[in-house]
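Student: have a look at this fold, sequence not included:
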């Protein structure tokens, strides 16, 4: 087992690239993760600061980031101290997150390759979290995957213990 673990540790990534893999390619994750600044000072954007304030409640322990892509908000969640699952069906984006996490092992983030549309009842229970982020994601489910509003709402409800933060982007190419 030790030899196998050593071999796995030394394996190079496959560098898979899909449609959204480089969505957060412009962000320096190492700088964000390793900065000694106060978390709210790292982000000048009102969107990020609003989310940080919402998820910083010490009552919350877990977060599910659906459509996590390269894990930008998963990293923010990990910095807040939440045990985080970064879920996306883009293998390349999650591989980028995995590679960033290998360099910065202190963050409690688990990347999971999974499609929201393929979640079964057992997985809805298994991935249920105190906080669920569905940012820049809902419009894909409605306009591209053609899920009904009722199906989207029911799945999100079944994944959420306390707080759900959603974002619907109207002006996108998703139509």
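Tutor: It's in. Since this is a predicted model, take the numbers as computed values, not measurements. Residues are numbered from 1 along each chain as shown.

Student: from here on, just use CA atoms for contacts and neighbour counts.
Tutor: Noted.

Student: assign the residue lying closest to residue 158 once chain neighbours are set aside to helix, strand or coil.
Tutor: Once flanking residues are discounted, residue 158 sits nearest to residue 124: 6.2 Å by CA to CA, 6 or more residues apart in numbering. Following DSSP: H, G, I helix; E, B strand; the rest coil, the label given to residue 124 is helix.

Student: OK, contacts around residue 124?
Tutor: Applying CA atoms under 8 Å, 6 or more residues apart in numbering to residue 124 gives the contacts 155, 158, 159.

Student: and the nearest residue to residue 145 once chain neighbours are set aside, how far is that from residue 102?
Tutor: When the adjacent residues along the chain are set aside, residue 145 lies closest to residue 117, with 7.9 Å between them (CA to CA, 6+ apart). Distance, residue 117 to residue 102, by CA to CA, to the nearest Å: 29 Å.

Student: returning to that earlier point: what's the spacing between the residue nearest to residue 158 and residue 118?
Tutor: 10 Å.

Student: export the contacts of residue 124 as JSON lines, with columns for pLDDT, secondary structure and distance to residue 93.
Tutor: Formatted as JSON lines, these follow (pLDDT from 0 to 100; DSSP: H, G, I helix; E, B strand; the rest coil; distance: CA to CA, whole Å):
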{"residue": "155", "pLDDT": "92", "secondary structure": "helix", "distance to residue 93": "23"}
{"residue": "158", "pLDDT": "94", "secondary structure": "helix", "distance to residue 93": "25"}
{"residue": "159", "pLDDT": "95", "secondary structure": "helix", "distance to residue 93": "22"}
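
Student: what subset of these is buried?
Tutor: 155, 159 (16 or more other CA atoms under 10 Å).

Student: export the contacts of residue 124 as JSON lines, with columns for distance to residue 97.
Tutor: Below are the contacts of residue 124 laid out as JSON lines (distance: CA to CA, whole Å):
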{"residue": "155", "distance to residue 97": "25"}
{"residue": "158", "distance to residue 97": "26"}
{"residue": "159", "distance to residue 97": "22"}
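
Student: closest to residue 95 out of the contacts of residue 124?
Tutor: Proximity of those to residue 95 (CA to CA) peaks at residue 159, which lies at 23.7 Å.

Student: isn't the closest one up against residue 133?
Tutor: No: counting by CA atoms under 8 Å, residue 159 does not reach residue 133; the two are 10.2 Å apart.
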